[in-house]
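Chemist: 3D model of this:
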Amino acid sequence: MRKKRPPDDPNRERHGFRGVPPPATFSLATLPDDALLTTIEVAAVLRGSTNTLDVWRTDPDHPLQWISLPSGFVRYTAGALRAYLALGRRRVKKPALVTAKLAAHPKKRRTAARGEHVEPAE
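Modeler: Numbering: from 1, shown residues only. Model prediction:
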């Protein structure tokens, strides 16, 4: 069993929480538009990872707007989060190369008894 490290231990994890937080315990609809939300709170509302939000901030044209406070902390406004959710964009899936290759070639069946390839009858 591992021992817990004291909070002042120099070897403790310095990067903080980096995963998917539990569902939000507040209602986004009840917050005013200028309410500031942390990265963890926004990730909880979106049900995504905090790492995803960090990557989105590297794109200056990403529709989810954030505020960088003078202390260096990042915050999101409830109004900006509502506007992002109202966009309702769906993720565009890239066509898989495998399906393109399979469509180019006729399907082959394998007979169970001999393991030979049999061309399908057309």
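Chemist: Arg75: how many residues sit nearby?
Modeler: The tally of other residues near Arg75 (other C-beta atoms under 10 Å) stands at 16. Quick note: C-beta positions are derived from backbone N, CA and C, even for glycine.
Chemist: OK, contacts around it?
Modeler: If you count contacts by C-beta atoms under 8 Å, 6 or more residues apart in numbering, Arg75 has them with 36-38, 66-67, 69.
Chemist: If any of those residues are buried, put those into a PyMOL selection.
Modeler: A single PyMOL command selects the buried members of the contacts of Arg75 (16 or more other C-beta atoms under 10 Å):
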select buried, resi 37+66
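Chemist: Out of the contacts of Arg75, which two sit at the greatest distance?
Modeler: By the measure C-beta to C-beta, Leu37 and Leu69 form the most distant pair in the contacts of Arg75, at 12.4 Å.
Chemist: Please work out how many residues are found near the residue lying closest to Trp56 once chain neighbours are set aside.
Modeler: Excluding its sequence neighbours, the residue lying closest to Trp56 (C-beta to C-beta, 6 or more residues apart in numbering) is His62, at 4.7 Å. Applying other C-beta under 10 Å, we find 13 residues neighbouring His62.
Chemist: what's the closest non-adjacent residue to Phe26?
Modeler: Counting by C-beta to C-beta, 6+ apart, the residue nearest Phe26 is Glu41, at 7.7 Å.
Chemist: mind checking the SS state of that neighbour?
Modeler: Look at Glu41: counting by DSSP: H, G, I helix; E, B strand; the rest coil, its state is helix.
Chemist: From Arg91, how far off is it?
Modeler: 23 Å (C-beta to C-beta, to the nearest Å).
Chemist: ok so, going back, how much space separates the residue nearest to Phe26 from Thr25?
Modeler: Counting by C-beta to C-beta - Glu41 and Thr25 are separated by 9 Å.
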